[in-house]
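Trainee: Pasting a predicted model and its sequence here:
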Amino acid sequence: MTEFSEARAKRILLISLVVVGMGFTVLFPILAPVGREMGLTEFQITAIIGASSITVFLASPRWGRLSDRLGRKAVILIGLFGFAFGTFLFNGVIYLGLSAAITGTTLFAALVASRMVHAAVMSATMPAANAFMADITSPENRTKGMGAAGAANNLGSMLGPAVAALAVFSLLMPLWVMAALAFLNGLFIWRFLPEPPRHNAPRPGAKMRYRDPRIFPFIIVGVTMFSGMALVQQTMGFRFQDALNLSATETAQAVGLGMMLSAAASLLAQGVVVQRLSLAPFTLLRVAMPLLFLAFATMALTESRWVLTAAMMVQGFGMGLAGPGFMAGASLAVTAEEQGAVAGVAGSCGPLGFAIGPMLGGALYQLQPTLPYAVAAGVYVVLFLSMGWLGRRLEKGARGAEPRA
């Protein structure tokens, strides 16, 4: 692939990742108030996201390995068109729930099942996209490349809650709009994105282990930070609604604004700080941990709308630093032939975090509304204190592990 075509492919991929980011975040401001409108408990609402996240966790490594064989573009397209189909399916179940056509346990089971089907297919996109970015960036530019991908995804994350503002007309309108955008995004990729250069194929059936010493420290950090992120996104709707006595529509708008500003802060970190400072991946993680602790501690100690919103922005900035460090560090730790496999494994850390975070957060919130954020703040203290040990594990793995899948 020529330098010109590499630059063109990167631009096309980044544009697509904006839409992918929108699709991943448009549901979060809406699900809590919609779930309550359908008569679901806080735990049931968060369990829907938890179940779908477990599905993505299990499917992502498989999609990553499949992209090594079928090609990055084909797997990205499976994810995008699957996202559009799954969104229509999930929206249809929500519509039946809001109209009381199905209720209770039947409704909950239908929501979980439809969301898991949705998740199983849409999970193809990010591992293939991250492997695509690794294919077209040199090792010395890998962190900046992953930062650019993260910035594009976070720009979409910022726009997703803005689309959620359409809930003022109908609670389901934002989801129908995103289904259409996902389908159009698939057509865009099919028409314009070239296939990246192919590397030597991995051994048949080869797998990347989570405990591979080359990437294990990044896996620990990734699962922890995504669990905290998911905990906030899936309980903040309850927090805003209960602390400020808001209606369902007002809650969707307030949380949507907070998420949009959080994504803007993350975009600033990834699009400016990461691009201008040549920091090692593990250094970015060390800098991010205190910011994430500060954000969660603030969430636990206040009920002010604007202070909670500011804490979400601090969390977004911290995640903006941590995300590229996590993805680039894992990518750089393995060989070119293992990029699809490592993208799948690293990409599954987010879904695993979004399985742990929502269910833990929902259960803790029912005990005490401030408890999820206090527990998360304590976890980040432990993680920050463990960074030295994790760094030594990383160095030992780099010296002693032979590249393997």
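Mentor: Ah, there it is.

Trainee: For stretch 60-69, buried residues please.
Mentor: By neighbour count on 16 or more other C-beta atoms under 10 Å, the buried set for stretch 60-69 is 60, 61, 62, 63, 64, 65, 66, 67, 68. All C-beta atoms are positioned from the backbone trio N, CA, C, and that covers glycine.

Trainee: possible to save the residues you listed as CSV with distance to residue 380 and pLDDT?
Mentor: Converted to CSV, these look like this (distance: C-beta to C-beta, whole Å; pLDDT from 0 to 100):
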residue, distance to residue 380, pLDDT
60, 24, 83
61, 26, 84
62, 31, 87
63, 30, 89
64, 28, 83
65, 32, 83
66, 34, 88
67, 32, 86
68, 34, 82
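
Trainee: Which members of these occur in helices, if any?
Mentor: 60, 61, 62, 63, 64, 65, 66, 67, 68 (DSSP state H).

Trainee: Max pairwise distance over those residues: which two?
Mentor: By the measure C-beta to C-beta, 60 and 68 form the most distant pair in those, at 13.5 Å.

Trainee: Please determine how far residue 126 is located from residue 52.
Mentor: Between residue 126 and residue 52 the computed distance is 14 Å (C-beta to C-beta, to the nearest Å).

Trainee: swap that for residue 257, please
Mentor: Where residue 52 is concerned, residue 257 sits at a distance of 25 Å (C-beta to C-beta).

Trainee: Looking at those two, which is more packed in?
Mentor: Remark: of residue 257 and residue 52, residue 52 carries more neighbours, 28 against 19, as counted by other C-beta atoms under 10 Å.

Trainee: nearest spatial neighbour of the more buried one, skipping sequence neighbours?
Mentor: residue 119 (3.9 Å; C-beta to C-beta, 6 or more residues apart in numbering).

Trainee: That neighbour contacts residue 58, correct?
Mentor: No - contact between residue 119 and residue 58 fails when scored by C-beta atoms under 8 Å: they sit 9.4 Å apart.

Trainee: Sketch out the low-pLDDT regions of the stretch 301-405 of the chain for me.
Mentor: 391, 393-405 (pLDDT under 70).

Trainee: same deal with the stretch 1-150 of the chain?
Mentor: For the stretch 1-150 of the chain, the ranges with pLDDT under 70 are 1-5.

Trainee: What segments of it are helices?
Mentor: If DSSP state H, counting those that start in this stretch is used as the criterion, the helices of the stretch 1-150 of the chain fall at 3-25, 28-37, 42-70, 72-98, 104-122, 125-135, 142-164.

Trainee: For residue 337, find the nearest of the ones you listed.
Mentor: Across the helices of the stretch 1-150 of the chain, residue 337 has its closest neighbour in helix 42-70 (7.8 Å, C-beta to C-beta).

Trainee: what separates the closest one from the chain centre, distance-wise?
Mentor: 11 Å (C-alpha atoms, centre = their mean, to the nearest Å).

Trainee: likewise stretch 7-24?
Mentor: Distance of stretch 7-24 from the chain centroid (C-alpha atoms, centre = their mean) equals 14 Å.

Trainee: what residue is smack in the middle of this structure?
Mentor: The geometric centre of the chain, computed from its C-alpha atoms, lies nearest to residue 350 (C-alpha atoms, centre = their mean), at 5.4 Å.

Trainee: Taking helix 125-135 as reference, get the angle to the helix or strand harbouring it.
Mentor: Taking DSSP states H and E as the definition, residue 350 sits inside helix 349-367. Counting by axes from the mean of the first three to the mean of the last three C-alpha atoms, to 10 degrees, helix 349-367 points 140 degrees away from the direction of helix 125-135.
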